[in-house]
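In: Below is the sequence, then the predicted model.
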Amino acid sequence: MLALFFHLQLSPVPLPLEMMGEILNSTDLNLASMGEVPSAYLVVVCFILTVEIVLGVTVNIMVLWAYYRHWNTLRSVSNILMANLNVVDILICVLSAPLTFTTLLLRHRDTDVLVCLSHEAGVSFACSATALNLLVISVDRYESVIMPTKRTFSVKNVRFVLLVPWCGALLGIGAAFIHTANPVLVTYTDVKSCVTWYLTTQTRHYFQTYWVVLFVSSSLWMIVSYRKIVNAAHTRLSIKAALVQASLVVAGSGFCDKKVRPTGARATKVALAIVSTYVLCWGPYTTYSLAVMVKPQMTQETINVGLLCLAYMTTILHPILYAFLRRKVRRACWTLVLADQRSVRTIQVAPFRHASTRDDCAT
């Protein structure tokens, strides 16, 4: 294994197929067992991926359509950034998740190396784009609460801000194809499993470092920023409560405390839900990737696919946390749904009315 690894990194001349086969057969890693996925587990994972794809595309498109229909009332920097996050989630549902689905279906056949690289590029895009978009959203919310008079983002320059997550996401995609000039791609085009190929070439470890660093940095910033946001919200609510209580002369007035406490608790719960959702969904897969980078023998395809399914859950949870918890966006979505239901009812009732008028005319 070490001989193959150092040869791939230092020697420009590809190894003969016979020598490569001897090295791969003499490795102490049980590659066959690492690539095994039980049939029942495979069916469950495919079902979960299908549900995530359908629900993720449906919910995110509904939110984007609500933004489009009510753009005059919802036009703001925060909504533009959240709409960009919805676009990223849709791309994850139509690109990254189907690539994971494809690698599972092709696991019993000879898989082209480009399929494995495309899958890892999709995963790298999903993690890096999600991390950078959430980082930008948290910065915007931090400035809107902590420094409302000195905001960096505005409606005019937000288009340049959006270039940051998209450039980072494209860099994450390109990082997966850095080693395409490696001789192993020429001599080892068909593999039995992507896990087998990654273990024998050690290619995966290089571009994983990119989005792992992004995940850690964005998680730390989100924890710090949302903690300060919650503290600032509690401080402002307590000041507001004190001012209202000072202006009231009614004895025993506890109305202000009853109103402020649920508001502060709601702000805390929303911030905790946003941070914990991202960390709990992408954290296990990132931790597993770090463990594999340190010790490749820990690679298990069942764990890898299961944690990816958990990470893809953010495509469903993001619209709920960032869109439906906001009153204006929630009202716009409900208005859109009710309008569609009314149009369907009108279409269904119209033929009956037309038929009844024809019967009356005939009589």
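Out: Nice, I can see it.
In: got a list of contacts for stretch 86-95?
Out: Outside stretch 86-95, the residues within contact range by Cβ atoms under 8 Å, 6 or more residues apart in numbering are 52-53, 56-57, 60-61, 63-64, 122, 125-126, 129-130, 133, 165, 169, 312, 314-315, 318-319, 323. Quick note: C-beta positions are derived from backbone N, CA and C, even for glycine.
In: give me the low-pLDDT residue ranges for the protein?
Out: 1-37, 108-111, 179-193, 195-206, 236-268, 297-299, 328-329, 333-334, 336-363 (pLDDT under 70).
In: Could you pull out the strands in it for me?
Out: Counting by DSSP state E, residue ranges of the strands within the chain are 111-112, 190-191.
In: Identify the spatial nearest neighbour of residue 306, chain neighbours not counted.
Out: Counting by Cβ to Cβ, 6 or more residues apart in numbering, residue 45 is the residue found nearest to residue 306 once chain neighbours are left out, at 6.7 Å.
In: Please report how far that neighbour lies from residue 144.
Out: Distance check for residue 45 against residue 144: by Cβ to Cβ, to the nearest Å, it reads 40 Å.
In: Settle it for me: which of these two has more neighbours?
Out: Each of residue 45 and residue 144 has its neighbours counted (other Cβ atoms under 10 Å); residue 45 has more, 19 against 15.
In: isn't the more buried one right next to residue 304, touching?
Out: No. Checked against Cβ atoms under 8 Å, the pair residue 45 and residue 304 is beyond contact range at 10.5 Å.
In: Just the endpoints, please. Distance across stretch 72-82?
Out: 16 Å (Cα to Cα, to the nearest Å).
In: Identify each buried residue in that stretch, please.
Out: 74, 77, 78, 79, 80, 81, 82 (16 or more other Cβ atoms under 10 Å).
In: And stretch 274-293, by the same measure?
Out: Residues of stretch 274-293 classed as buried under the neighbour-count rule (16+ other Cβ under 10 Å) are 274-275, 277-279, 281-286, 288-289, 292-293.
In: Distance check, residue 276 against residue 269.
Out: According to Cβ to Cβ, residue 276 stands 10 Å off from residue 269.
In: list the contacts for residue 100?
Out: For residue 100, the residues meeting the contact criterion (Cβ under 8 Å, 6+ apart) are 49, 119, 122, 123, 305, 308, 312.
In: From residue 106, how far out is it?
Out: If you go by Cβ to Cβ, the gap between residue 100 and residue 106 works out to 11 Å.
In: Same check on residue 97?
Out: With Cβ to Cβ as the criterion, residue 97 and residue 106 are 15 Å apart.
In: The two - which one has more neighbours?
Out: Neighbours were tallied for residue 97 and for residue 106 using other Cβ under 10 Å; the higher tally belongs to residue 97 (25 against 15).
In: Correct me if wrong: the more buried one contacts residue 53.
Out: Yes. The criterion here is Cβ under 8 Å, and residue 97 meets it with residue 53 at 5.2 Å.
In: Tell me how many other residues surround the closest residue to residue 289 other than its chain neighbours.
Out: Across the structure, with Cβ to Cβ, 6+ apart as the measure, the residue nearest residue 289 apart from its sequence neighbours is residue 208 (5.2 Å). Taking other Cβ under 10 Å as the criterion, the count of residues near residue 208 is 22.
In: do the same with residue 150
Out: Neighbour count for residue 150, taken as other Cβ under 10 Å: 7.
In: how about it, what does it touch?
Out: residue 143.
In: And the residue nearest to residue 289, how far from residue 162?
Out: As defined by Cβ to Cβ, residue 208 lies at a distance of 25 Å from residue 162.
In: Same check on residue 92?
Out: 17 Å.
In: Of these two, which one has the most company?
Out: Residue environment comparison for residue 92 versus residue 162 gives the larger neighbour count to residue 92, 28 against 17, counting by other Cβ under 10 Å.
In: would JSON lines of the contacts of residue 100 with neighbour count and distance to residue 148 be doable?
Out: JSON lines is the format used below for the contacts of residue 100 (neighbours: other Cβ atoms under 10 Å; distance: Cβ to Cβ, whole Å):
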{"residue": "49", "neighbour count": "20", "distance to residue 148": "42"}
{"residue": "119", "neighbour count": "22", "distance to residue 148": "43"}
{"residue": "122", "neighbour count": "24", "distance to residue 148": "38"}
{"residue": "123", "neighbour count": "26", "distance to residue 148": "37"}
{"residue": "305", "neighbour count": "22", "distance to residue 148": "44"}
{"residue": "308", "neighbour count": "22", "distance to residue 148": "39"}
{"residue": "312", "neighbour count": "25", "distance to residue 148": "35"}
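In: Tell me the one among those nearest to residue 214.
Out: Taking Cβ to Cβ as the measure, residue 123 is the one of the contacts of residue 100 closest to residue 214, at 12.6 Å.
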